[in-house]
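**Q** My questions are about this predicted structure, shown below with the sequence.
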Amino acid sequence: MEGNGRREGPVDRITVPVAADLLGVTQSAVRKRIQRGTIPWDKDEEGRIFVYVDPSEVGPEIGEDTSRDAAAAGQSRDELLEVYREQVDFLRRELERKDAILMSLTQRMPELGAASEPRESPETVSEDRGKGDVPPEQEKPVSSWWRKLFSG
């Protein structure tokens, strides 16, 4: 028989799956505790691993109806899954809606580009800026940022 032999006081010898249920953790968590040596354990001749759990460590559920608690945990897990499914569905619909908006905007971009073609005579900076500040040959046409963006 293998094991770490640290058994103090009254303890129950139980299998890893039962210990996981009683402790409220996964079986792999119980196995990790065995590896770290933080839970007493041993192995029988057939290779099955048993852990020793002090009933005071897990609370009054030992000996009581733990199936009811497991069912409640399963129910809350199912409720949580349902909430997550609803959130995923909502987010999926939002993405589809936003994709539709983007698609309609990109289809309208050629229309916006045609409307933003330059006029026959480009606008120049007003001469209100001052008398002779900038000679007329150095004045730059005024163009909007959106014209630059959509026209190329």
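**A** That came through, no problem. None of these values were measured; they are calculated from a predicted model.

**Q** low-scoring stretches of this protein, by residue?
**A** Applying pLDDT under 70 to the chain flags residues 1-10, 58-75, 114-143, 146, 152.

**Q** can you give me the strands for it?
**A** Here the chain has its strands, by DSSP state E, at 2-3, 12-15, 41-43, 49-53.

**Q** who does the biggest helix by length in the chain touch, helix- and strand-wise?
**A** For the chain, the helix with the greatest residue count under DSSP state H is helix 66-115. Applying 3 or more C-beta pairs under 8 Å, 6 or more residues apart in numbering; DSSP states H and E, we find helix 66-115 packed against helix 16-23, helix 145-151. In this view, the C-beta of every residue, glycine as well, is placed from N, C-alpha and C.

**Q** Redo the strands of the chain as CSV? Include distance to residue 98 and mean neighbour count.
**A** Below are the strands of the chain laid out as CSV (distance: least, C-beta to C-beta, whole Å; neighbours: other C-beta atoms under 10 Å):
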stretch, distance to residue 98, mean neighbour count
strand 2-3, 59, 13
strand 12-15, 51, 15
strand 41-43, 54, 18
strand 49-53, 52, 20
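
**Q** what would these look like in TSV with distance to residue 77?
**A** As requested, these are exported to TSV (distance: least, C-beta to C-beta, whole Å):
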stretch	distance to residue 77
strand 2-3	33
strand 12-15	22
strand 41-43	28
strand 49-53	23
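
**Q** picking up where we left off before, for the helices and strands packed on helix 66-115, which one ends up most surrounded?
**A** Greatest average neighbour count among those goes to helix 16-23 (a mean of 19), per mean count of other C-beta atoms under 10 Å.

**Q** Next, the angle strand 49-53 makes with that one.
**A** Counting by axes from the mean of the first three to the mean of the last three C-alpha atoms, to 10 degrees, helix 16-23 lies at 20 degrees to strand 49-53.

**Q** Can you give me the first-to-last residue distance of stretch 30-46?
**A** Using C-alpha to C-alpha, to the nearest Å, one end of stretch 30-46 lies 20 Å from the other.

**Q** what's the closest of the helices and strands packed on helix 66-115 to residue 88?
**A** Residue 88 lies closest to helix 16-23 among the helices and strands packed on helix 66-115, at 28.5 Å (C-beta to C-beta).
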